[in-house]
Every structure is written in structure tokens, then in C-alpha cells.
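Engineer: Quick one, fold the following:
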Amino acid sequence: MPIRTLVWGENVHEHINKTVADIYPEGMHNQIAKLIGKDANISVKTTTLQEPEHGLTDKVLEETDVLVWWGHRAHGDVADEIVERVAKRVWEGMGLIVLHSGHFSKIFKRLMGSPCALNWREAGERERLWVVNPGHPIAKGLPAYFELENEEMYGEPFSVPEPLETVFVSWFQGGEVFRSGLTYRKGAGNVFYFRPGHETYPTYHDETVGLVLRNAVNWAYNSNRFPHITDAPNVPVEKALEPIKARGGSLHEAGEEGFR
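Structural biologist: Below you'll find the model as predicted:
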């Protein structure tokens, strides 16, 4: 069964900036989906911020194995209710790939629990991405490094938690470096942050970037779901695995059952 992948796009810059519209006439989300869809093991759909519930209804998320997220200008327009819905699905086992300026998205900050801040410069400079973990599945088929001739610079420090794995480190023409491919596990969900993707440059027309995205979707996929991972049920004394007797006081006496 193909990996059911949903590309979520903010879909704002394409309608207000001619440069972006010229590079991505069908929308960034659709171009990202085209790159990912070249893998026969992946079925891909798209949705955008402007859809009801931002296109992230309970039903849609139930039918999504991996969610790919690109946002920038309208982070604040994403409803908190939807952020919590997506976070819960990630904790239950849905994969999440966050791209470029999505580092400041509500969902990434929610899952990281940190500022997710960095230095930046929009100067169209060369980015060289070094594969520092060549045995990682996301790096499958990649050379020792690859270059993007025009990109926005992101520089350290990047205020995120220490990742499980660092797959890429970027060097920029102006001299800065950045950890540009990071993996996490949040609950049962696999999360990958991938840095390239500034909207005024043709990054999502690059075939090597497409290979990284396809590899990332395959890596992030988890066939299992754990719908009760956020529950915190009480286990009564009589249901303990071994016979025990309750001792001492309890907050869960008459009148306090709803304490938790």
C-alpha cells in the first residue's frame, strides 16, 4: 500500500509576489507534491491554509501517513485547535516533514518545545549541503555534498533540541554554517526538518532536493498507530498485575475522583 502523503502549503506568497508566482505558477505545494510523487511507493495529495480547517480535518489526518509542511508569512493564521490536532496525530505515529521557514511554524514549535530561532539573510547565495550521515536512509543515493546556487542563508545557533540524528550540514557563500537536516521522534511519530526551500528561488525544481524529500517520506512512515498514547488512565488496585493492598492516603478518595 502506498504511503499516503499530504503536502500542506501556506499558499500566500504565490498570490502576492510576482517572483514567487513566476517560479511556482501552480503553487509551491503542488511543485513539492510533484517531486515527491515521482516515487511509486508514495501517493500524494495537497491542501492549503485557505481550506476549511486548513485542510486538516480529523478525517484527512486519519488518512495521512506523512504530512509535509511549508509555511512562512502566515504562521500566526494557523488555528491553535488545528495545531493541537496535528500534534496529537504525530504523537500517535503520523510522520511529519517540516520545510525551510516552517521552523517557525506553530506545529514545529509545539513539538520542539523551544524557540526554533536562527540567523538569516536573503541574498541568493550558494548553499552547499554536506551529507554528514551517509548511511542514513534520508541520504540514500546522494553524493558527498550537493549545491543550490541561490538560497536564503540560515545560520547557527539554531535553538532546537538536540536531534536524534543530523543528516545534513550546510555551508553558505557568506561563511555561515547550519544544521540543515535533523531528525526527531515525538511520541510515536518520526519528524524531519529540512532547511532549503526559500520561495523566491527555484529550490523545489531541483532533482536532488526531490530525492531528499522522497527519502524523507519513506523514512518518516510508520505503519503503526497508537491512538491512546496521550491517555493517562488510572489502574485500580484490583487490576494490578500482582496482588497488592492500598496503603497510605489517597487523593482519589470520595469527592476527589476528578482531581486529575
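Engineer: Tell me which residues touch Val7, please.
Structural biologist: Taking C-beta atoms under 8 Å, 6 or more residues apart in numbering, we find Val7 in contact with His29, Asn30, Ile32, Ala33, Ile36, Val44, Lys45, Thr46, Thr47, Val68, Trp70. All C-beta spots, glycine's among them, are computed from the backbone N, C-alpha and C.
Engineer: Surely the fourth one is in a helix?
Structural biologist: In other words, Ala33. Yes - membership of Ala33 in a helix is supported by DSSP: H, G, I helix; E, B strand; the rest coil.
Engineer: Quick check: it vs Leu241, distance?
Structural biologist: Going from Ala33 to Leu241 by C-beta to C-beta, to the nearest Å gives 48 Å.
Engineer: the more surrounded of the two?
Structural biologist: Ala33 (22 against 6; other C-beta atoms under 10 Å).
Engineer: Quick check: the more buried one touching Lys45?
Structural biologist: Yes - assessed by C-beta atoms under 8 Å, Ala33 is found in contact with Lys45 at 7.4 Å.
Engineer: I'd like the distance between the residue nearest to Glu10 when sequence neighbours are not counted and Glu149.
Structural biologist: Using C-beta to C-beta, 6 or more residues apart in numbering and skipping residues adjacent in sequence, the residue nearest Glu10 is Gly71, 4.2 Å away. In this view, Gly71 and Glu149 are 24 Å apart by C-beta to C-beta.
Engineer: Compare the two and say which is more crowded by neighbours.
Structural biologist: Each of Gly71 and Glu149 has its neighbours counted (other C-beta under 10 Å); Gly71 has more, 25 against 13.
Engineer: Lowest mean pLDDT among the helices and strands of the protein, which one is it?
Structural biologist: For the chain, counting by mean pLDDT, DSSP states H and E, helix 13-16 ranks last in confidence among helices and strands (a mean of 94).
Engineer: residues of that helix that come out buried?
Structural biologist: His13, Glu14 (16 or more other C-beta atoms under 10 Å).
Engineer: now swap in stretch 149-162 and tell me
Structural biologist: Neighbour-count burial for stretch 149-162 flags Glu151, Glu152, Met153, Tyr154, Gly155, Phe158, Val160 (criterion: 16+ other C-beta under 10 Å).
Engineer: pull the CA atoms of the top strand by length along the chain into PDB?
Structural biologist: Identified as the longest strand of the chain according to DSSP state E is strand 119-131. Output of strand 119-131 as PDB, limited to C-alpha atoms (Å, rounded to 0.1, in the frame of the first residue of the first chain):
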ATOM      1  CA  ASN A 119      20.100  33.900  11.900                       C
ATOM      2  CA  TRP A 120      19.100  34.600   8.300                       C
ATOM      3  CA  ARG A 121      19.900  36.600   5.200                       C
ATOM      4  CA  GLU A 122      18.100  36.700   1.800                       C
ATOM      5  CA  ALA A 123      20.900  37.300  -0.700                       C
ATOM      6  CA  GLY A 124      20.600  34.400  -3.200                       C
ATOM      7  CA  GLU A 125      23.900  32.900  -2.100                       C
ATOM      8  CA  ARG A 126      25.200  29.500  -2.800                       C
ATOM      9  CA  GLU A 127      24.400  26.700  -0.300                       C
ATOM     10  CA  ARG A 128      26.500  23.600  -0.100                       C
ATOM     11  CA  LEU A 129      24.800  20.800   1.800                       C
ATOM     12  CA  TRP A 130      27.200  18.200   3.200                       C
ATOM     13  CA  VAL A 131      25.900  14.700   3.800                       C
END
